[in-house]
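In: quick one, fold the following:
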Amino acid sequence: QLQLVESGGDLVQAGDSLRLSCAASGRTFSDYAMGWFRQSPGKDREFVAAIDGSGLSTYYLDSVKGRFTISRDDAKRTVYLQMNSLRPEDTAVYFCAADRDIVFIRSLMHEINYWGKGTLVTVSA
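Out: Residues are numbered from 1 along each chain as shown. Predicted coordinates for the structure are as follows:
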């Protein structure tokens, strides 16, 4: 089992920055691709960003490219999501996810094995 705990969510103003963290415990962290997803009220959960186990390859939702950066620190067993130039439409619960197969993280959400419980990000206009 791999346990994931997100933190860093907050109420911020449009244009502000925020960094989310996801701490993992359990299995070998570096074996897993990691991802961030978000869900707004009344909307489906959507992919935001992913990083492979090596940390060399990253992927992003088009609307966050250039504003969000995903990174990982395997020594700390933590994945981060740096969010800059936040917009009201970024308001959502942000979830961390892990799977050995990055294809699942990128495009097969329902196949992902491990999820955190989420952290709320609210961006006011």
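
In: phi, psi of Cys22?
Out: phi -140, psi 110 (degrees, to the nearest 10).

In: name the element the residue nearest to Leu61 when sequence neighbours are not counted belongs to?
Out: The spatial neighbour of Leu61 that comes closest, neighbours along the chain excluded (Cβ to Cβ, 6 or more residues apart in numbering), is Val48 at 5.2 Å. Where C-beta positions appear, they are placed from N, C-alpha and C, glycine not excepted. If you go by DSSP states H and E, Val48 is part of strand 46-51.

In: that strand: which residues count as buried?
Out: Across strand 46-51, burial judged by 16 or more other Cβ atoms under 10 Å covers Phe47, Val48, Ala49, Ala50, Ile51.

In: which one of those residues is nearest Ser63?
Out: Val48 (9.1 Å; Cβ to Cβ).

In: list the contacts of that closest one.
Out: Applying Cβ atoms under 8 Å, 6 or more residues apart in numbering, we find Val48 in contact with Gly35, Trp36, Phe37, Arg38, Tyr60, Leu61, Val64, Phe68, Leu81, Tyr94.

In: out of the residues you listed, which is nearest to Gly9?
Out: Nearest member of the contacts of Val48 to Gly9, counting by Cβ to Cβ, is Tyr94, at 6.5 Å.

In: just checking: what are the partner strands of the strand holding Val48?
Out: Taking DSSP bridges as the criterion, strand 46-51 sits next to strand 33-39 (antiparallel), strand 58-60 (antiparallel) in its sheet.

In: now find how far off-centre the last one is within its chain.
Out: For strand 58-60, the distance from its own C-alpha centre to the chain's C-alpha centre is 11 Å (Cα atoms, centre = their mean, to the nearest Å).

In: who touches it?
Out: Val48, Ala49, Ala50, Ile51, Asp52, Phe68, Thr69, Ile70, Arg106.

In: can you put those in CSV and add distance to Asp99 and pLDDT?
Out: As requested, the contacts of strand 58-60 are arranged in CSV below (distance: Cβ to Cβ, whole Å; pLDDT from 0 to 100):
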residue, distance to Asp99, pLDDT
Val48, 15, 98
Ala49, 14, 98
Ala50, 10, 97
Ile51, 12, 97
Asp52, 11, 95
Phe68, 20, 98
Thr69, 21, 98
Ile70, 15, 98
Arg106, 10, 89
